[in-house]
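*Asks:* Here is a sequence with its predicted model. Questions after.
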Amino acid sequence: MKEKSVRVGLVGFGTVGCGVARLLVENGDILRAKTGIRFELVCVVDLDTETPRPVQLPDGVLTSDLEVLLNDNTIEVAIELVGGTGIAKEIQLKMLRAGKHVVTANKALLAVHGSELYQVAREADRCIAFEASCAGGIPIVSALRTGLLANDITALYGILNGTCNYILSKMSAEGTDFAETLKEAQAKGYAEADPTLDINGGDSSHKLTILGSLAFGYELKLEDVYTEGIEDVSQDDIRYADEMGYCLKLLAIGQKKPNGKVSLRVHPALILKETALARVNGPFNAISLFGHAVGEVLLYGRGAGMMPTASAVVADVIDVALGNSKRSFDQVQVKSRQQIAGQIEAMADCESRFYIRIMAKDHPGVVAAYGKVLGDHGISISGALQHEGRGPDDTVPVVIVTHETQEKNMSDALAEITELDTIGGKPVCIRIVDIPEDKDD
Ligand code: HSE
């Protein structure tokens, strides 16, 4: 029988593009042994055709002209690794309209324009595969699409940004402050020269939009995800929270609530130190998923980098070649925006426990006054911590941990506390997230 051959095109010959080329060009034997298919990388498009790359392409493959790829009717699979929501969108649209299946790692584009692109793919009878868009080398998309399909997913908790996790782990282990740790992460190549989207939570929100849609079967938009970053995290809070048994992570959370609403949010979160996610350190990613039948499933691995991300991209190329991606793309059912109207929980209604730190003037009755404001808003205190010593303006840190309450109660209470003349500066408020435990009874 004649060996099947699949011709592949790639746009974007950066770090991940080089990893993809390496797997397709240098590891073709492994792919052929596993799939019986010979993958041929026949066209690589990048504006920069001069800079030497750590992989050798066959002669004539590299070009700066996208039309070469689009006009080659023998190319079945086209990979977009340009990134961003601008030119990358045009490239994907052109690829689909030229009759190519698209493989991409572009989370921002799918989070913002996914519905439109999926529609164009359906009209062209093609598919878009995007395993590499979420958590790099971790096969989370495939887990949700296939392995966990029998489950009603009730919650997912993800550490989806390696840059933030590296910074928070380091601050926690070494007592460093945010600004110096970010600089160090940049120097070591863990953080981008412009790390804005990582640090402000945007990158995690893009990923949660995609994963939440797969997990809960909703057509989600980026604006459905409440987003806060780690810019304001301080060493003091990491230390006090540690004393109380918590560690700080940037979490992406999707929960199906008992009232049927879905809560989607990315924010710094305190989690108990003994939970599995608390032990995910450095640039690693992890996702803890809860299914009604399976219980908890924990996926862990490298969420970024040349070869881990290339591993996911090439897995998609193979899946497209085998016909699996198209079948799964066609079969996915999501409730439309109209059907899910009112089904995304407003952040003001979200319930959690809270850690608050108030820099208090050290006068009689101040702590009682804070307790009264919290009580007036129906908020119950579950723990408190106060060390002797002085902060700025002769203040002392008063740390209070609360029982569960709605976000709006806490913001109203904090607004009132901020008005008191016994505090120095704005209170710090960090949500405490209790990740369920799936224990053997
Ligand atoms: N910049 C991301 C991270 C990887 O730090 O995890 C790509 O989304």
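*Replies:* Received, thanks.

*Asks:* List the contacts of the residue in the chain sticking out farthest from the centre.
*Replies:* Distance to the chain centre peaks in the chain at Pro364, reaching 45.3 Å (criterion: CA atoms, centre = their mean). Contact partners of Pro364, counting by CB atoms under 8 Å, 6 or more residues apart in numbering, are absent. Bear in mind the C-beta positions are built from the backbone N, C-alpha and C, glycine included.

*Asks:* May I have the predicted confidence score for it?
*Replies:* What the model reports as pLDDT for Pro364 is 88.

*Asks:* what does the model give Lys4 for pLDDT?
*Replies:* 92.

*Asks:* can you count the residues close to it?
*Replies:* 13 (other CB atoms under 10 Å).

*Asks:* need the contact list for the residue lying closest to it once chain neighbours are set aside.
*Replies:* Nearest non-adjacent residue to Lys4, counting by CB to CB, 6 or more residues apart in numbering: Ile37, 4.9 Å away. When contacts are counted by CB under 8 Å, 6+ apart, Ile37 touches 3-6, 31, 318, 321-322.

*Asks:* Am I right that Gly114 is in contact with Ile210?
*Replies:* Yes. Here Gly114 reaches Ile210: they are 7.1 Å apart, a contact under CB atoms under 8 Å.

*Asks:* how about Lys4, phi and psi?
*Replies:* Note on Lys4: backbone dihedrals following degrees, to the nearest 10 are phi -80, psi 140.

*Asks:* Give me the buried stretch members for stretch 184-196, please.
*Replies:* By 16 or more other CB atoms under 10 Å, the buried positions in stretch 184-196 come out as 184-185, 190-191, 195.

*Asks:* How about stretch 230-247?
*Replies:* Within stretch 230-247, judged by 16+ other CB under 10 Å, the buried ones are 230, 233, 235, 237-238, 240-241, 244, 246-247.

*Asks:* could I get it in PDB with only the CA atoms?
*Replies:* Extracted C-alpha coordinates of stretch 230-247, given in PDB (Å, rounded to 0.1, in the frame of the first residue of the first chain):
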ATOM      1  CA  ILE A 230      -0.700  40.200  39.800                       C
ATOM      2  CA  GLU A 231       0.700  43.700  39.400                       C
ATOM      3  CA  ASP A 232      -0.300  44.700  42.900                       C
ATOM      4  CA  VAL A 233       0.800  41.600  44.700                       C
ATOM      5  CA  SER A 234       3.100  42.400  47.700                       C
ATOM      6  CA  GLN A 235       5.600  40.300  49.500                       C
ATOM      7  CA  ASP A 236       3.900  41.200  52.800                       C
ATOM      8  CA  ASP A 237       0.700  39.500  51.800                       C
ATOM      9  CA  ILE A 238       2.500  36.400  50.500                       C
ATOM     10  CA  ARG A 239       4.200  36.200  53.900                       C
ATOM     11  CA  TYR A 240       1.100  36.800  56.100                       C
ATOM     12  CA  ALA A 241      -0.900  34.400  54.000                       C
ATOM     13  CA  ASP A 242       1.800  31.800  54.300                       C
ATOM     14  CA  GLU A 243       1.600  32.100  58.100                       C
ATOM     15  CA  MET A 244      -2.100  31.300  57.800                       C
ATOM     16  CA  GLY A 245      -1.600  28.200  55.700                       C
ATOM     17  CA  TYR A 246      -2.100  29.700  52.200                       C
ATOM     18  CA  CYS A 247      -0.100  30.300  49.100                       C
END
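
*Asks:* Helix or strand for Asp438, just tell me which one.
*Replies:* Using DSSP states H and E, Asp438 maps to neither a helix nor a strand.

*Asks:* Please report the distance of it from Ile199.
*Replies:* With distances taken as CB to CB, to the nearest Å, Asp438 is found 32 Å from Ile199.

*Asks:* Need the three-state assignment for Gln56.
*Replies:* The three-state label for Gln56, taken from DSSP: H, G, I helix; E, B strand; the rest coil, comes out as coil.

*Asks:* So it is in contact with Arg22, correct?
*Replies:* No. Gln56 sits out of contact with Arg22 when judged by CB under 8 Å, with a separation of 9.4 Å.

*Asks:* More neighbours: which of these two?
*Replies:* More neighbours surround Arg22 than the other of Gln56 and Arg22, with 19 against 12 (other CB under 10 Å).

*Asks:* Please name the spatially closest residue to that one (chain neighbours excluded).
*Replies:* According to CB to CB, 6+ apart, the nearest residue to Arg22 is Val55 (4.6 Å).

*Asks:* Give me every residue in the protein lying close to the ligand.
*Replies:* 161-163, 198, 203, 303-304 (CB under 6 Å from any ligand atom).

*Asks:* so which pair among those is furthest apart in space?
*Replies:* Asp198 and Gly303 (10.9 Å; CB to CB).

*Asks:* Are there residues contacting both of the two? Which ones?
*Replies:* Asn161.

*Asks:* separation between Ala121 and Lys326?
*Replies:* Ala121 is 9 Å from Lys326, by CB to CB.

*Asks:* More neighbours: the two, which one.
*Replies:* Per other CB under 10 Å, whichever of Ala121 and Lys326 has more neighbours is Ala121, with 23 against 17.

*Asks:* Which element, helix or strand, includes the more buried one?
*Replies:* helix 107-123.

*Asks:* Now find how far off-centre that helix is within its chain.
*Replies:* Helix 107-123 sits 18 Å away from the centroid of its parent chain (CA atoms, centre = their mean, to the nearest Å).

*Asks:* what residues does that helix touch?
*Replies:* Under CB under 8 Å, 6+ apart, the answer for helix 107-123 is 83-85, 88-89, 92-93, 96-97, 102, 104, 127-128, 130, 133-134, 197, 202-203, 205-207, 209-210, 213, 219, 221-222, 329-330.

*Asks:* and the residues you listed, which are buried?
*Replies:* For the contacts of helix 107-123, buried by 16+ other CB under 10 Å: 83, 88-89, 92-93, 96, 102, 104, 127-128, 130, 133-134, 197, 202-203, 205-207, 209-210, 213, 219, 221-222, 329.
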